[in-house]
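**Q** sequence first, then the predicted structure, then my questions.
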2 protein chains.
Amino acid sequence: MANVAKYDRDEVVRKAMLLFWEKGFNGTSTRDLQQDIDMRPGSIYAAFGSKEGLFSEALEYYSREMKQILDLRSTELQSPLAGLEAFMRNVVVDRRDTNPSEFCMLVKTLSELNEDQPELMQQTRKLLKRTEDRFTDILERAQKQDEISASANPRMLAQQLQVQMIGLRAFMKANRNPNTVSELIDSIFSSIRIH
Amino acid sequence: MANVAKYDRDEVVRKAMLLFWEKGFNGTSTRDLQQDIDMRPGSIYAAFGSKEGLFSEALEYYSREMKQILDLRSTELQSPLAGLEAFMRNVVVDRRDTNPSEFCMLVKTLSELNEDQPELMQQTRKLLKRTEDRFTDILERAQKQDEISASANPRMLAQQLQVQMIGLRAFMKANRNPNTVSELIDSIFSSIRIH
DNA sequence: TTTGATTTTGAGCGGTTGTTCAATATAAAA
DNA sequence: TTTTATATTGAACAACCGCTCAAAATCAAA
């Protein structure tokens, strides 16, 4: 042991994540990154190996942060379904201006990249599947509490909600009308909720 | 008049569209384009002004082609709703391997670009809105033929279908399971169709 | 056949890309 | 205080980017 890193790795990855989320993988140059995270090329490459390595950690960071938001909304509202709806509205509508992009970072990555970067693609797929699994868990709890129909398929419902959340974020960027999107969210949840 | 262009403009734009759709605006270099459309830089810039100009024509071409597919499915099936469902299944599932990307080219553009290219963004928004309008027309006809509830709102339903189609295409790239996606399409249409 | 407007060519411009690496700075261990 | 392993710096590399433009090729009109 002789010298110790001066930067806060977690904070560096967070800043990189925000920039990647805004501009995408190809749209973000290593010089943009150097400025934003205040590190020189040598340090970046010593710490993360490559632009792809840093992006990979940024993806994990993004996913962890989204999970935290979902957990937060789930615990402050005792109802599983209400938590899910609050999460959706919070991410798609409320945070639309403070988020670096209206799109989900994972979907943006899926859209931009292809099998030329197999590791990033596989990682992105894994993280999206993990979200589907979280939604499924919540919907199973909702079913036990009679919030949704006993005949509903929680896995399939989770997929439908994920599909709609992805679509709504694109729709939000296209139409920039939070009221319209909020109505669409109302409609989604009133169609699956038991009164 | 002294010399006449040797290239077929429509065919050139089509080839450019396929490449842009696959790789995105930033992911496609002008050298990639030169190869694919078999034109030299001088000719390209004389004909289209800039990479952005060619991309803009490619967007229009894409949108025209999608409209044709929708019209085709609508006329070969007399039922408006069945036409819409066939269109969705055709684009999202059947063509998943022959399409240059699972994603809608307009959504991919929306995802990749921002207000730094205001003309392209505005154009993309306009073309997406036009699709919503086409969906709305079809659903109004479906409503007159009692295929969907008389109390349904065709405009809102069109928005919901557009949102779901966008989301399903992303989901298709993430999960690569055509059966799952086909089931989701079944579910969407059986929930709005009157039997 | 000559003229002349138009199209096509491709070398090359200035700038940016992801990445490397020798030189320097740093701080824990001896 | 000296040693030494590690961290940081930033100049520089080769490749690539969107695009320009003078020169050559082309073909309808005269």
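**A** Perfect, thanks for sending it.
**Q** tell me which helix or strand the residue lying closest to A:A174 once chain neighbours are set aside sits in.
**A** Counting by Cβ to Cβ, 6 or more residues apart in numbering or on different chains, the nearest residue to A:A174 once its immediate chain neighbours are dropped is B:L128, at 4.9 Å. For every residue, glycine as well, the C-beta is placed using N, CA and C. Per DSSP states H and E, B:L128 falls inside helix B:118-144.
**Q** the helix or strand just after that helix vs helix B:118-144, what angle?
**A** Reading on from helix B:118-144 to the C-terminus, the next helix or strand found by DSSP H and E is helix B:154-175. With axes from the mean of the first three to the mean of the last three Cα atoms, to 10 degrees defining the directions, helix B:154-175 sits at 120 degrees from helix B:118-144.
**Q** quick check: residues of chain A near DNA strand C?
**A** Of all the residues in chain A, those in contact range of DNA strand C (Cβ under 7 Å from any atom of the strand) are A:1-4, A:6, A:26, A:28-32, A:41-42, A:45, A:50-52.
**Q** please redo it, this time with the cut-off set to 10 Å
**A** Within chain A, the residues that sit near DNA strand C (Cβ under 10 Å from any atom of the strand) are A:1-6, A:23, A:25-34, A:40-46, A:48-55.
**Q** and the spatially closest residue to A:M17 that is not a sequence neighbour, how far from A:K108?
**A** Counting by Cβ to Cβ, 6+ apart, the nearest residue to A:M17 once its immediate chain neighbours are dropped is A:A58, at 3.8 Å. Computed with Cβ to Cβ, to the nearest Å, the distance linking A:A58 and A:K108 is 12 Å.
**Q** same deal with A:M66?
**A** Separation of A:M66 from A:K108 (Cβ to Cβ) stands at 13 Å.
**Q** more neighbours, the two?
**A** Under the criterion of other Cβ atoms under 10 Å in any protein chain shown, the comparison of A:M66 against A:K108 puts A:K108 first, with 27 against 19.
**Q** low-confidence stretches in chain A?
**A** For chain A, applying pLDDT under 70 flags the ranges A:1-2.
**Q** cutoff 80 now
**A** A:1-3, A:6, A:195 (pLDDT under 80).
**Q** and it, which residues reach chain B?
**A** A:22, A:24, A:26-27, A:101, A:103, A:107-108, A:110-112, A:114, A:124-125, A:128-129, A:156, A:159-160, A:162-168, A:170-171, A:173-175, A:180, A:183-184, A:187, A:191 (Cβ under 8 Å from any Cβ of the partner chain).
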